[in-house]
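*Asks:* The following block contains a protein sequence and its predicted model.
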Amino acid sequence: EGGAPDIVHIVLDDIGMNDLWHSSDLPSSVMTNIKALQEGGVELSNYYGQSFCTPARAALMSGKFIHRTGFAGADVHGAVTYEITAWSNFSLARSTEHVFLSETLKAAGYENHGVGKWNLGHCNSALLPTSRGFDSWLGYFGAGIGYTSHLVEATSQAPNVFSYGGVKYMLRDMVRCDATSGVCKAATDEAGVYSTTLITRESVSRVKGMANTSSPTYVYASYHGVHDDYGVNDTQSEVPPAVMLAINEATTMVRRKNFAVGMYFVDEGVGALARALATHSTDYVIVLHADNGGSPCGSHCDSNNHPYRGTKFYDFEGAVKLPSLVYSPRLAARACLARGPDLAPILFLADRKHPERAPPQARTSKIGCTASKDQTTTMSADELREKTGPYGARQRLLPKGSHCCPTGREGQPASRPPAAAWGRRDAPRVS
């Protein structure tokens, strides 16, 4: 409807239901921009992912649950072997069965740029993001890195710093890839740059480029934050004193404070992307969600999945029920239900479950089926007005007695905050 919009797809790493707008132990000042998008957009109040990183991202990109992609384990100990690290030699196969979201968008005429965490295989050039629909990529391939050092996650069997032949080696994971040249090079010039800052800078640069292309643009901003890695609080000195005071008053737990610091800079990045979109795109969609739930007992920072049971790696609600939102001038502000890993139907784009709805160039003979349910009708203002009751079509999908009106007043959607409010820590909240 109205053509293909620009898309900024923001994925946050290891974020639980008590880490964002529903948080009971973090001050709102660490998530001002994300909260503004949630209040002015559509909260996907029943969004589910997978229990840890690689399976979650495989489901996201393929639109299939992990038992259909080979990333399912019998228990947590077996499942962890499916996590792709810096040294892994496997990935989700390239085939007509597994068409990535980026490839589908590319077929629909999109210019695609990826930034941040890939975590879907890099042992062969055919598995790299620029071989799977992305025109460019700046980011890391493994599960985690040092926030500022960019050193890969180390184990006792695989250190990230070692000597050989009298020479000291440091294994860093930060790479630039270009689909046109087919070349990937180590981004050694970015060593020492806090990863969240780097991902924001590159993503904003790609958003600013939207005004210079006739094609719609998809920016996949896959943030490092707030993964449990060394250096998450390296930039704590840059947090405004008032925000740091609020963090200290909210919690006495050091690792939870570290998490709040990491989240503050992710939120600053989200605000920068929202402002850039408002300036450089006339029609856009922002999708934001976590890949999986968090780790409440981390080594460097602690997530919080309250009130749900479980943690990352386990298939309880705490690991798979995730915060998610969609923001766009196209959408009315309200909450709605979303299930499954496939976000293409939500974006009104190349719907792989119903390929007849996709643009002609995206219709292929073997585009692949997905494991999700089309929820676009629950997000259409016209469809809602045709139904009876304040929740319309959504009423058929939510459990009886479940409702999430953003304003707390049934039938009255929240007003969208002005773009000028994004990034302003003194901006008034939407009432």
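*Replies:* Happy to help now that I have it.
*Asks:* For residue 103, which three-state class applies?
*Replies:* Under DSSP: H, G, I helix; E, B strand; the rest coil, the three-state class of residue 103 is helix.
*Asks:* ok, it to residue 131 distance?
*Replies:* If you measure residue 103 against residue 131 using Cβ to Cβ, to the nearest Å, the figure is 10 Å. Placement of C-beta: from N, CA and C, glycine included.
*Asks:* who has more neighbours, these two?
*Replies:* residue 103 (23 against 15; other Cβ atoms under 10 Å).
*Asks:* Return the distance of the more buried one relative to residue 286.
*Replies:* Summarising the geometry, the distance separating residue 103 from residue 286, computed by Cβ to Cβ, is 22 Å.
*Asks:* Next: residue 222.
*Replies:* With the distance defined as Cβ to Cβ, residue 222 ends up 14 Å from residue 286.
*Asks:* Over to residue 86?
*Replies:* Relative to residue 286, residue 86 is positioned 30 Å away (criterion: Cβ to Cβ).
*Asks:* try residue 100
*Replies:* When residue 100 is compared with residue 286 (using Cβ to Cβ), they lie 20 Å apart.
*Asks:* What of residue 150?
*Replies:* Using Cβ to Cβ, one gets 27 Å for the distance from residue 150 to residue 286.
*Asks:* so where is the stretch 301-431 of the chain shaky, pLDDT-wise?
*Replies:* Using pLDDT under 70 as the threshold, the predicted model of the stretch 301-431 of the chain has low-confidence ranges 332-431.
*Asks:* one more time with 50
*Replies:* Across the stretch 301-431 of the chain, the ranges flagged by pLDDT under 50 are 339-342, 344-370, 380-431.
*Asks:* gap between stretch 214-228 and the chain center?
*Replies:* Between the mean C-alpha point of stretch 214-228 and the mean C-alpha point of its chain there is a distance of 7 Å (Cα atoms, centre = their mean, to the nearest Å).
*Asks:* start to end distance for it?
*Replies:* Here the two ends of stretch 214-228 are set 39 Å apart, with distance taken as Cα to Cα, to the nearest Å.
*Asks:* Where do the helices of the stretch 101-250 of the chain begin and end?
*Replies:* Using DSSP state H, counting those that start in this stretch, the helices of the stretch 101-250 of the chain run over residues 101-107, 195-208, 241-250.
*Asks:* okay, those helices in JSON lines with mean pLDDT next?
*Replies:* Conversion of the helices of the stretch 101-250 of the chain to JSON lines gives the following (pLDDT from 0 to 100):
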{"stretch": "helix 101-107", "mean pLDDT": "94"}
{"stretch": "helix 195-208", "mean pLDDT": "98"}
{"stretch": "helix 241-250", "mean pLDDT": "98"}
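*Asks:* Take those helices and write them to a markdown table, including distance to residue 314.
*Replies:* Formatted as a markdown table, the entries for these read as follows, by distance: least, Cβ to Cβ, whole Å:
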| stretch | distance to residue 314 |
| --- | --- |
| helix 101-107 | 26 |
| helix 195-208 | 26 |
| helix 241-250 | 27 |
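*Asks:* The residue lying closest to residue 327 once chain neighbours are set aside and residue 34, how far apart?
*Replies:* Distances taken as Cβ to Cβ, 6 or more residues apart in numbering put residue 41 closest to residue 327, at 3.2 Å, once the chain neighbours are dropped. Remark: distance between residue 41 and residue 34 (Cβ to Cβ) = 10 Å.
*Asks:* what is in contact with these two at once?
*Replies:* Listed as contacting both residue 41 and residue 34 by Cβ atoms under 8 Å, 6 or more residues apart in numbering are residue 325.
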